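Undergrad: From the sequence below, what's the structure:
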Amino acid sequence: RRGVSGRESGGIRGVGMEDAYVRWGTEMVSLVQLIRTPALDQIFLAITRLGEMPVLLMCAATALLFPRIRWAGCAMLAAFLISSVVNAEIKATLDIPRPSGHEVYTANNTTTSATPSAHTMSAAAVWFLLALSLPGWRWAVGAIPIVVGFTRVYLGMHYPGDVILGLALGALLALSLLLIVEVASGRLRPWELRTRKIKAPGL
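TA: From the prediction side, this is the model:
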């Protein structure tokens, strides 16, 4: 659904700010797409699916099968649901159009608003939580949302700003849920936040 657009509410859809954001974003997308090849198109189309619902839910469901990281599976499911709702609300409020025109290639004709990137936000929220539960794979798994974000720009589906905002919001959501798990499990008391380093359960 569409909410009150930013232009109507006097927010980022003010003509000057939105035009500058879209113009800069389009230039950045065009720059990234200088490396486009048919082979890379197929590779990035496959990688971008790591930010889609079937993959994220399957990842969370798999984590639920292992007692040591079951907490992460529950948190990942919550992260995906919260991310989806929050993202839809922000998109409806900002109502910024996606990249378009002859300057850029777009992988499909999605008509939803651009900002923030839902693929990137959901991927960050879910994959970052999994990364926190797997110390040995933390950096490799944690890099997935960043790569997903790059594919969204490469495929002409989002501006870099959409991806950066998606990563920030997803990471904030992941850390918030980790904090909630820590407090709920009794491993961390709210008044100790300034003196204790937060660690994922079981680590």
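Undergrad: the strands in this protein, which residues?
TA: For the chain, no strands turn up when DSSP state E is the criterion.
Undergrad: which residue ranges form the helices in it?
TA: Per DSSP state H, the chain carries helices over the ranges 6-9, 15-32, 38-47, 53-64, 70-94, 118-133, 138-142, 144-154, 160-184.
Undergrad: if we compare those helices, which one ends up closest to residue 104?
TA: helix 15-32 (4.8 Å; C-beta to C-beta). For the C-beta atoms, the positions are set from N, CA and C on the backbone; glycine is no exception.
Undergrad: For the closest residue to residue 105 other than its chain neighbours, give me phi and psi.
TA: Excluding the flanking residues, the one nearest residue 105 by C-beta to C-beta, 6 or more residues apart in numbering is residue 156, at 4.9 Å. Recorded main-chain torsions at residue 156 are phi 70, psi 20, according to degrees, to the nearest 10.
Undergrad: what's the burial count for residue 156?
TA: 23 (other C-beta atoms under 10 Å).
Undergrad: Repeat that for residue 46.
TA: Residues near residue 46, counting by other C-beta under 10 Å, number 10.
Undergrad: same question, residue 57
TA: Based on other C-beta under 10 Å, the number of other residues close to residue 57 is 15.
Undergrad: so how far is residue 172 from the closest residue to it other than its chain neighbours?
TA: In space, not counting the residues next to it along the chain, residue 57 is nearest to residue 80; the distance is 6.6 Å by C-beta to C-beta, 6+ apart. Using C-beta to C-beta, to the nearest Å, residue 80 is found at 15 Å from residue 172.
Undergrad: Look at the residue nearest the centre of the chain and report its pLDDT.
TA: Centrality entry for the chain: nearest residue to the mean C-alpha point is residue 121, 1.5 Å, by C-alpha atoms, centre = their mean. In this prediction, residue 121 carries a pLDDT score of 97.
Undergrad: With residue 191 instead?
TA: Residue 191 is assigned a predicted lDDT (pLDDT) of 47.
Undergrad: OK, contacts around residue 166?
TA: In this structure, residue 166 makes contact with 87, 116-121, 124, 149, 158, judged by C-beta atoms under 8 Å, 6 or more residues apart in numbering.
Undergrad: which stretches of the protein have low pLDDT?
TA: Within the chain, the ranges that satisfy pLDDT under 70 run 1-15, 185-203.
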